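Visitor: Just the structure for this:
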Amino acid sequence: MRFRRRDVMTGAAALAVTASLPRAAAAAAPLVSKRPPRAQRHFVSPAVEAEIARVKAKIADPELAWLFENCYPNTLDTTVKVGTGDGKPEGKPDAFVITGDIEALWLRDSSAQMQTYVHLAPKDAGLRRVFTGLIARQARCILIDPYANAFMEDPTAKSNLGARTDQTDMKPGVAERKWEIDSLCYPMRLAHGYWTATRDKTPFDDLWAKAMRRAVATFREQQRKDGKGPYHFQRLNVSPTETLMFEGYGAPTRKVGLIHSMFRPSDDACLYPFLIPSNLFAVSALRMLATVQREARGDTAGATDSEALATEVETALRKHGRMPDGQGGEVWAYEVDGFGNAIFMDDANVPSLSGLPLLGAADRTDPLFRRTAALAWSDRNPYFFTGTAARGIGGPHIGLDMIWPMSIITHAMNSDDDAVIRQCLAWLKTTHGGTGFMHESFHKDDPAKFTRHWFAWANGLFGELILDLERRKPALLAARY
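Guide: The predicted structure is shown next:
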């Protein structure tokens, strides 16, 4: 059975048409809140509510303010399940965070969804309990299977995502077993964000430490210095993006110290197994992990091990992760094989080449990053689309001509140019298809055609953009679009 995120949508096919709301009608519709009634919200944080009120008051454009109020709290409103229980020790916090319209927890998505609130955790004990519960849940998931990307709420349940026939080592509690480097990086980043914001040692117990040791060991296994390693995956599917060649181990590589990733953050198979943006993320995430290991646990040995691996991968990236830009300079490649072969493209899912600064994996003023991001936002990238509705990056996961709002948000967050940011805000305002939320993707010429009406990560990232502009470009929020 074929499973892709775009296939799991309330309403029908991958290209959903908004419920009889043409663009003109959508624009004229009253801006009524799209949030669930307060009593039906999964979790209410006073600190988040205060942040919404504070920032919304600074947004002059009514529709942008409405979008922010709808999108920013979407994870807490609709996807967080607190205290669900899964055999955990009695009284310990637990939080299960689904991605939206799919009843599963992705390590990547759940981390990114909650990261947007981490600066508010010091102000809200209840919110800290959600973070503590999610960090613990992620640790238990990693110990179930560090190679899995998505997990079931019940750790004894079989997959509900059509993955039961995948030819891999499926375990109870695993929803999907696509090995992606970033699946382990994101929990490291979330732990660091929470520790930095709160200095609360509560989540960083022996179970968490064991899971992080297993995560680092998995990265080392996937350097594949001593053979193929334990992971293999094949799916009975007509799409080459859903399975791996050569008995499930992927394309051949020369072992150069980079970490193999069999799938991209989009859950699509890699062409070359050294996915450069994810290796760059691993470097920054391992150093973030080392900080928490050393400061929160006094684990000098663990921190030293994490930092040593980060340095090894960073050295390999310098040697093997770049390629000519065709204009006399160099850029980061998207994927390489260690033999000297490389591809250049970008995919909207973060970690992407464009999204490296969002993860602490590059400085957005770094010349190498600037050249790379500029090339990704151009016709040199086969997944950069220009239409009558907007311009932006998509990816193979949905198909041609489908722009991901995530790419527009990322482009705005990378920019210091007021004109560029204003254009991005205008595109985001006019491409939500009358729904009041961000989507996975929309058609470049018709935003009424979109995928995933409920995609909490994109909603949270839009909220982060508004908070980012409130800090560094408040005049842009005081304008109308």
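Visitor: how about the strand ranked longest in the chain as PDB, C-alpha atoms only?
Guide: Looking across the chain with DSSP state E, the single longest strand is strand 446-451. Provided in PDB are the C-alpha atoms of strand 446-451 (Å, rounded to 0.1, in the frame of the first residue of the first chain):
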ATOM      1  CA  ASP A 446      -4.400  28.700  -8.200                       C
ATOM      2  CA  PRO A 447      -4.100  28.700  -4.400                       C
ATOM      3  CA  ALA A 448      -7.600  27.200  -4.100                       C
ATOM      4  CA  LYS A 449      -5.800  24.000  -5.100                       C
ATOM      5  CA  PHE A 450      -3.800  22.900  -2.100                       C
ATOM      6  CA  THR A 451      -2.600  19.900  -0.100                       C
END
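Visitor: So which other helices or strands are in contact with it?
Guide: If contacts are counted by 3 or more CB pairs under 8 Å, 6 or more residues apart in numbering; DSSP states H and E, strand 446-451 sits against strand 16-17, helix 23-28, strand 441-443. Yep, even glycine has a C-beta here, placed from its N, CA and C like the rest.
Visitor: which element follows that strand toward the C-terminus?
Guide: For strand 446-451, the succeeding helix or strand toward the C-terminus, using DSSP states H and E, is helix 456-472.
Visitor: Out of the helices and strands packed on strand 446-451, which gets the lowest mean score?
Guide: Looking at the helices and strands packed on strand 446-451, the lowest mean pLDDT belongs to strand 16-17 (a mean of 34).
Visitor: Could you report the pLDDT at the nearest residue to Arg480 once chain neighbours are set aside?
Guide: Spatial nearest neighbour of Arg480, chain neighbours left out: Asp61 (4.5 Å); criterion: CB to CB, 6 or more residues apart in numbering. The confidence metric pLDDT takes the value 97 at Asp61.
Visitor: Ok, Ser239 next?
Guide: Note on Ser239: pLDDT of 89.
Visitor: mind checking how far it is from Phe442?
Guide: Distance of Ser239 to Phe442, computed by CB to CB, to the nearest Å: 22 Å.
Visitor: So those two - more neighbours on which side?
Guide: Phe442 (30 against 12; other CB atoms under 10 Å).
Visitor: Was I right to think that one contacts Asp401?
Guide: No. In this structure Phe442 lies outside contact range of Asp401 using CB atoms under 8 Å: 9.8 Å.
Visitor: what's the helix or strand for Lys81?
Guide: strand 80-82.
Visitor: all helices of the stretch 1-150 of the chain, in order?
Guide: Ranges of helices in the stretch 1-150 of the chain, per DSSP state H, counting those that start in this stretch, are 23-28, 46-56, 62-71, 74-78, 107-115, 125-144.
Visitor: With mean neighbour count and distance to Met438 added, can I get those helices in CSV?
Guide: Listed next are the helices of the stretch 1-150 of the chain as CSV, based on neighbours: other CB atoms under 10 Å; distance: least, CB to CB, whole Å:
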stretch, mean neighbour count, distance to Met438
helix 23-28, 12, 15
helix 46-56, 16, 16
helix 62-71, 21, 6
helix 74-78, 24, 9
helix 107-115, 26, 12
helix 125-144, 22, 22
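Visitor: For Gly162, which of those helices is the nearest?
Guide: Among the helices of the stretch 1-150 of the chain, the nearest to Gly162 by CB to CB is helix 107-115 (18.2 Å).
Visitor: tilt between the closest one and helix 125-144?
Guide: Helix 107-115 runs at 170 degrees relative to helix 125-144, counting by axes from the mean of the first three to the mean of the last three CA atoms, to 10 degrees.
Visitor: and helix 107-115, what other elements does it pack with?
Guide: strand 95-97, helix 125-144, helix 181-198, helix 456-472.
Visitor: closest to Glu314 out of these?
Guide: Comparing those by their distance to Glu314 (CB to CB), the top pick is helix 181-198, with 14.0 Å.
Visitor: Which secondary structure elements does the closest one sit against?
Guide: So helix 181-198, by 3+ CB pairs under 8 Å, 6+ apart, packs with helix 107-115, helix 125-144, helix 206-221, helix 276-297.
Visitor: Distance to Gln40 and mean pLDDT for these - can I get that in CSV?
Guide: Shown next, in CSV, are these (distance: least, CB to CB, whole Å; pLDDT from 0 to 100):
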stretch, distance to Gln40, mean pLDDT
helix 107-115, 19, 98
helix 125-144, 17, 98
helix 206-221, 32, 98
helix 276-297, 35, 98
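Visitor: Can you add distance to Cys270 and give the ones you listed back as JSON lines?
Guide: JSON lines is the format used below for the helices and strands packed on helix 181-198 (distance: least, CB to CB, whole Å):
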{"stretch": "helix 107-115", "distance to Cys270": "15"}
{"stretch": "helix 125-144", "distance to Cys270": "21"}
{"stretch": "helix 206-221", "distance to Cys270": "16"}
{"stretch": "helix 276-297", "distance to Cys270": "9"}
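Visitor: to the chain's geometric centre, what's the distance from stretch 355-370?
Guide: Taking CA atoms, centre = their mean, to the nearest Å, one finds the center of stretch 355-370 at 16 Å from the center of the full chain.
Visitor: re the thing from before, right, and the helices of the stretch 1-150 of the chain - which one's nearest Ala269?
Guide: In terms of CB to CB, the element of the helices of the stretch 1-150 of the chain nearest to Ala269 is helix 107-115, at 16.3 Å.
Visitor: re the thing from before, counting by contacts, list what the strand holding Lys81 packs against.
Guide: Packed next to strand 80-82, using 3+ CB pairs under 8 Å, 6+ apart, are strand 95-97, helix 125-144.
Visitor: Include distance to Ser378 when you put these into JSON lines, please.
Guide: Formatted as JSON lines, the helices and strands packed on strand 80-82 follow (distance: least, CB to CB, whole Å):
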{"stretch": "strand 95-97", "distance to Ser378": "35"}
{"stretch": "helix 125-144", "distance to Ser378": "36"}
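Visitor: Nearest to Gln222 among those would be which one?
Guide: Evaluated with CB to CB, the helices and strands packed on strand 80-82 place helix 125-144 nearest to Gln222, the distance being 14.2 Å.
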